[in-house]
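>>> kindly return the folded structure for what I paste below:
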Amino acid sequence: MAADSEPESEVFEITDFTTASEWERFISKVEEVLNDWKLIGNSLGKPLEKGIFTSGTWEEKSDEISFADFKFSVTHHYLVQDSTDKEGKDEVLEDVIPQSMQDLLCMNNDFPPRAHCLVRWYGLREFVVIAPAANHDAVLSESKCNLLLSSVSIALGNTGCQVPLFVQIHHKWRRMYVGECQGHGVRTDFEMVHLRKVPNQYTHLSGLLDIFKSKIGCPLTPLPPVSIAIRFTYVLQDWQQYFWPQQPPDIDALVGGEVGGLEFGKLPFGACEDPISELHLATTWPHLTEGIVVDNDVYSDLDPIQAPHWSVRVRKAENPQCLLGDFVTEFFKICRRKESTDEILGRSTFEEEGREIADITHALSKLTEPAPVPIHKLSVSNMVHTAKKKIRKHRGVEESPLNNDVLNTILLFLFPDAASEKPLDGSSSIDSNNPVSESEDYNLYNQFKSAPSDSLTYKLALCLCMINFYHGGLKGVAHLWQEFVLEMRFRWENNFLIPGLASGPPDLRCCLLHQKLQMLNCCIERKKARDEGRKTNTSDMYPGDAGKAGDQLGPDNLKDMDKEKGEVGKSWDSWSDSEEEFFECLSDTEELKGNGQESGKKGGPKEMTSLKPEGRLYQHGKLTLLHNGEPLYIPVTQEPAPMTEDLLEEQSEVLAKLGTSAEGAHLRARMQSACLLSDMESFKAANPGCFLEDFVRWYSPRDYIEEEVIDEKGNMVLKGELSARMKIPSNMWVEAWETAKPIPARRQRRLFDDTREAEKVLHYLAVQKPADLARHLLPCVIHAAVLKVKEEENLENISSVKKIIKQIITHSSKVLHFPNPEDKKLEEIILQITNVEAIIARARSLKAKFGTEKCEQEEEKEDLERFVSCLLEQPEVLVVGAGRGHAGKIIHKLFVNAQRLTESSDEAAAMAPPEEELKRMGSPEERRQNSVSDFPPPAGRELILRTTVPRPAPYSRALPQRMYSVLTKEDFRLAGAFSSDTSFF
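Numbers count the residues shown, from 1 in each chain. A predicted model of the protein is given here:
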């Protein structure tokens with residue numbers, strides 16, 4: 001038994017060679033991806049059209065595979081083309097070489113301006129790349145490179161895929177690829193060389209031809225001709241100074257209301273530096289053959305002036321500094337500041353205490369002094385500067401954020417009525433008949449929720465923007481805002497309307513600050529009407545005379561007169577804010593008491609008919625009172641209280657908090673019917689003996705239904721009655737009618753307490769921090785920036801910019817309609833505006849450089865303008881006529897001027913006339929040599945060598961061979977595609 005157990009105790013390790021290794025699994029995954037993407041077999045596409053690599057659409061698919069724990073990404077790049085007939089696809093064409101091999105010889109798309117590097121090097125329309133998935137990973141060792149290349153070769157052989165498959169090796173910045181393409185009996189190997197320095201023997205065509213011939217190793221003699229395509233690229237960096245049209249702003253200038261070379265209210269525009277940094281001229285010889293051209297280390301026939309094709313591209317300066325963009329960005333930065341106005345201006349508590357004590361000491365003298373007469377003459381001197389006095393109380397004049405000249409200029413710009421002898425009463429309203437207001441640009445404020453472009457709010461935003469950028473920054477903004485608030489207080493107290501605001505209630509389509517200013521203007525209008533009515537209405541006019549006056553003046557004129565007269569009470573400072581009712585005089589008070597007592601008895605229409613009618617505006621044309629046949633008079637009513645959007649929100653919140661209970665609903669109805677009750681009282685006062693039906697016929701005609709009925713005598717008569725909703729017991733209208741007393745509008749409690757509302761607005765303005773102010777006004781600044789960009793674009797007429805501006809308007813209208821837009825979205829809008837400004841600046845720079853305005857012939861001017869617009873929108877533009885065309889001559893001149901500046905050792909040599917230089921040159925051969933020096937040495941040399949030769953044996957199939965080379969100052973690359981016959985070798 002012991003002997004039998006010994007073999008069991010030994011452990012045998014069995015290796016199963018039938019299981020797949022990591023390498024085999026990797027090859028299987030590659031094959032699986034190729035099958036999933038249906039890259040199997042030979043599918044021939046259409047011949048490539050000229051320029052299709054740039055104008056066509058490229059797409060890519062990606063997947064991820066791994067070799068052990070090393071991850072690779074597999075990407076399929078392909079040009080989208082119209083698919084050929086399916087029948088042609090299904091046929092397997094064994095004799096036809098793969099599509100990619102045919103593309104190696106295609107000469108329609110050499111040197112594409114914008115394409116994947118493998119497309120540029122090999123002219124492929126479709127290929128697959130396997131690269132390390134992580135950016136920091138790299139395949140560095142030769143053994144790993146060979147392993148991957150073997151995997152690719154096996155996968156292509158197993159699947160029958162005829163799409164080239166590349167593997168990226170070395171670090172990604174080197175863009176090193178090796179690859180393979182297999183067909184029926186043919187194979188193309190893609191190889192690459194990348195060096196930092198160019199070997200001397202390969203800096204010219206003859207040396208590169210030697211490499212190409214030795215590599216293909218063709219056994220035939222003589223060797224088939226080699227087709228050559230050459231491109232030299234010249235870079236122009238030294239623009240002469242006068243080619244840049246933008247004048248730098250003069251920040252210190254302040255002449256005639258101009259600051260920084262700009263008037264207040266106008267935004268700057270343009271780039272501070274040349275937005276075009278370089279011009280790249282590519283001179284191309286597309287179809288050359290070996291032996292036609294000589295290019296070696298001693299001599300070269302490749303004169304750029306003689307090149308048959310010229311193409312130009314411009315390199316744009318990265319993020320050029322643009323004035324408009326900087327203006328808006330700097331203003332937007334204020335939104336992130338947290339300091340209050342007092343903190344910024346450095347007002348101390350001692351100053352406040354001192355001011356309060358001074359006010360108390362003068363309190364008694366103020367009480368005994370006669371009331372001051374309002375000052376009718378406004379001037380800059382009396383319009384300001386208590387804020388400045390407070391700021392400078394303990395500091396020198398030089399330390400004030402804004403000096404007098406700048407401040408006076410701004411205030412005159414904001415308040416033009418201050419310069420006139422008399423305040424302009426109509427200055428507060430914007431002319432609604434202005435044809436500009438009908439334009440699309442003017443109505444942008446509706447979309448942006450900003451303010452009209454001719455309003456005070458809009459002007460204030462622009463002034464603050466300019467002050468922030470040029471004069472004192474945040475302190476200047478705080479100073480101007482404090483002066484502005486003081487001016488608002490001055491105008492309220494002295495009954496001066498605020499200019500640049502549309503009359504009427506606040507426009508809810510505008511920003512909240514604009515609504516607040518409109519509300520303040522409404523308060524000033526009401527107060528002014530009362531105070532002026534108090535002065536002019538010295539003779540007692542009985543309210544009953546209104547009807548007679550109405551017959552003489554007409555309804556429209558009388559409405560304004562009676563509204564003004566009806567709302568006139570005592571001056572605002574002769575009654576307390578807490579009073580709920582106000583009375584015109586003692587006799588009116590006695591009449592009111594009498595009317596109140598009589599109406600309080602509720603004795604019905606008989607008693608009410610004995611009341612004296614009051615507050616009549618004019619007689620209604622047709623209607624008469626139902627019960628006594630007296631004419632129905634339309635009363636003078638109180639206007640509903642104007643409200644800003646924040647007040648409307650507060651009111652809706654209060655009403656919502658009342659709940660859904662019966663008591664809450666009843667209270668909500670009472671609150672909402674304040675205006676209705678006021679109108680009912682006015683109607684009763686104007687029409688003694690009236691009934692609810694009379695009021696409804698005037699106020700809500702739809703709720704009084706009239707029908708034709710036959711009376712007892714058989715006559716057709718009209719019989720009317722209240723609508724069903726008016727007949728509901730205890731409805732709001734009936735309750736209000738029973739509660740209402742016959743009181744004219746001028747004796748009612750005011751629906752709109754202008755004094756209280758004005759103080760609320762002034763307090764709201766005073767507590768605004770600069771950050772809050774910037775938030776309020778940013779829509780106006782963006783609105784102004786968009787208008788500025790549109791104005792500048794109209795001068796240049798760039799189609800692509802028009803589309804971008806429309807996108808900016810759409811985006812802005814969505815973002816700015818929200819109460820508190822996100823900073824990130826606001827930054828996106830500002831960046832879009834800056835980008836448009838840069839595009840327009842580039843267009844102007846190019847037009848100045850190419851002298852489009854100096855062209856005398858209209859045809860040449862149109863060609864140049866078209867050429868410049870193409871430079872902005874296309875990656876590379878062909879120069880018509882190459883060096884001999886109009887644009888080509890201008891480009892040549894630019895290079896010649898730059899060369900003279902760089903090559904001359906002193907100013908005298910630089911300014912030497914070309915005739916003297918030609919005399920010094922001597923022989924024509926030297927002149928020809930000198931003409932080449934009109935251009936600097938090429939910044940890049942690209943060559944493509946092609947041929948079709950049998951390889952590797954003389955009896956093999958003739959297959960395409962291609963080598964691309966690029967030589968720059970610090971880079972040398974050879975990318976070869978060498979095909980060989982795998983059947984006959």
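>>> wait, isn't I230 in contact with L945?
No: contact criterion C-beta atoms under 8 Å: I230 and L945 do not qualify, at 9.8 Å. Every residue, glycine included, has its C-beta placed from N, CA and C.
>>> more neighbours: the two, which one.
Ranked by neighbour count (other C-beta atoms under 10 Å), I230 and L945 place L945 first, with 24 against 21.
>>> can you count the residues close to V709?
By other C-beta under 10 Å, the burial measure for V709, its neighbour count, is 10.
>>> what pLDDT is listed against the closest residue to it other than its chain neighbours?
Distance criterion C-beta to C-beta, 6 or more residues apart in numbering; nearest residue to V709, sequence neighbours excluded, is K719 at 4.7 Å. Per-residue confidence (pLDDT) for K719: 71.
>>> so what's K719 up against?
706-709 (C-beta atoms under 8 Å, 6 or more residues apart in numbering).
>>> check which helix or strand covers A736.
helix 732-739 (DSSP states H and E).
>>> how near is the residue nearest to V709 to E693?
From K719 over to E693 the distance is 12 Å, taken as C-beta to C-beta, to the nearest Å.
>>> for I410, same thing?
Using C-beta to C-beta, I410 is found at 59 Å from E693.
>>> check P613 too.
For P613, the distance to E693 - C-beta to C-beta - is 19 Å.
>>> between those two, who's got more neighbours?
Ranked by neighbour count (other C-beta under 10 Å), P613 and E693 place P613 first, with 22 against 16.
>>> these two touch, right, the more buried one and A685?
Yes: in this structure, P613 is within contact of A685 by C-beta under 8 Å, at 7.1 Å.
>>> contacting residues around the closest residue to V198 other than its chain neighbours?
Leaving aside its chain neighbours, V198 sits nearest to F972 (4.2 Å; criterion: C-beta to C-beta, 6+ apart). Taking C-beta under 8 Å, 6+ apart, we find F972 in contact with 193-199, 202, 965-966.
>>> which one among those gets closest to Q102?
Nearest to Q102 among those: S965, at 21.8 Å, using C-beta to C-beta.
>>> and that closest one, what pLDDT?
95.
>>> what's the helix or strand for it?
Taking DSSP H and E as the criterion, S965 maps to strand 958-968.
>>> pairing partners for that strand, with directions?
strand 940-950 (antiparallel), strand 971-981 (antiparallel) (DSSP bridges).
>>> turn the ones you listed into CSV, including distance to E59 and mean pLDDT.
As requested, those are arranged in CSV below (distance: least, C-beta to C-beta, whole Å; pLDDT from 0 to 100):
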stretch, distance to E59, mean pLDDT
strand 940-950, 26, 93
strand 971-981, 23, 94
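>>> neighbours of N715, how many?
Around N715 there are 8 residues (other C-beta under 10 Å).
>>> distance of it relative to P950?
Distance from N715 to P950, by C-beta to C-beta: 120 Å.
>>> do the same with L407
89 Å.
>>> quick one: which of these two has more around it?
In this view L407 and P950 are compared by other C-beta under 10 Å, and L407 has more residues nearby, 23 against 20.
>>> checking that one next. Helix, strand or coil?
Following DSSP: H, G, I helix; E, B strand; the rest coil, we place L407 in the helix state.
>>> low-confidence regions, the stretch 401-550 of the chain specifically.
Scanning the stretch 401-550 of the chain for pLDDT under 70 picks out 420-441, 533-550.
>>> now do the helices in the stretch 401-550 of the chain.
Using DSSP state H, counting those that start in this stretch, the helices of the stretch 401-550 of the chain run over residues 404-414, 444-448, 456-470, 473-493, 512-536, 546-553.
>>> can you mark which positions in the longest one are buried?
Buried positions in helix 512-536, judged by neighbour count with 16 or more other C-beta atoms under 10 Å: 512-531, 533-534.
>>> same question, the second one
Burial within helix 444-448, assessed by neighbour count using 16+ other C-beta under 10 Å, is assigned to 444-445, 447-448.
>>> counting by contacts, list what that helix packs against.
Helix 444-448 sits against helix 770-796, helix 799-816, with contacts defined as 3 or more C-beta pairs under 8 Å, 6 or more residues apart in numbering; DSSP states H and E.
>>> could you chop the protein up by domain?
25-81+96-218+951-981, 616-743 (the TED database).
>>> go through those domains and pick out the most buried.
domain 25-81+96-218+951-981 (a mean of 18; mean count of other C-beta atoms under 10 Å).
>>> how far off centre is it?
Chain-centre distance of domain 25-81+96-218+951-981: 43 Å, with C-alpha atoms, centre = their mean, to the nearest Å.
>>> then stretch 490-510?
Taking mean C-alpha positions (C-alpha atoms, centre = their mean), stretch 490-510 and its chain are 30 Å apart.
>>> start to end distance for it?
With C-alpha to C-alpha, to the nearest Å as the measure, stretch 490-510 spans 24 Å from end to end.
>>> list the buried residues of it.
490-492, 494-502, 505-507, 509-510.
>>> what's the answer for stretch 285-297, then?
285-286, 288, 290, 295.
>>> ok so, going back, mind checking the helices and strands packed on helix 444-448 for the one nearest to S143?
Closest among these, using C-beta to C-beta: helix 799-816, at 51.6 Å.
>>> next helix or strand past that closest one?
Next element after helix 799-816 (DSSP H and E): helix 823-850.
>>> packing partners for that next one?
Against helix 823-850 (3+ C-beta pairs under 8 Å, 6+ apart) you get strand 276-289, strand 309-316, helix 323-333, helix 770-796, helix 799-816, helix 858-873, helix 886-903.
>>> distance to E738 and mean pLDDT added to these, as CSV?
CSV is the format used below for the helices and strands packed on helix 823-850 (distance: least, C-beta to C-beta, whole Å; pLDDT from 0 to 100):
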stretch, distance to E738, mean pLDDT
strand 276-289, 81, 91
strand 309-316, 78, 91
helix 323-333, 58, 89
helix 770-796, 46, 89
helix 799-816, 48, 87
helix 858-873, 75, 85
helix 886-903, 89, 84
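>>> distance to S730 for these - can I get that in CSV?
As requested, the helices and strands packed on helix 823-850 are exported to CSV (distance: least, C-beta to C-beta, whole Å):
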stretch, distance to S730
strand 276-289, 79
strand 309-316, 76
helix 323-333, 57
helix 770-796, 46
helix 799-816, 47
helix 858-873, 73
helix 886-903, 87
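>>> which of these sits closest to C106?
C106 lies closest, by C-beta to C-beta, to one member of those: strand 276-289, at 12.1 Å.
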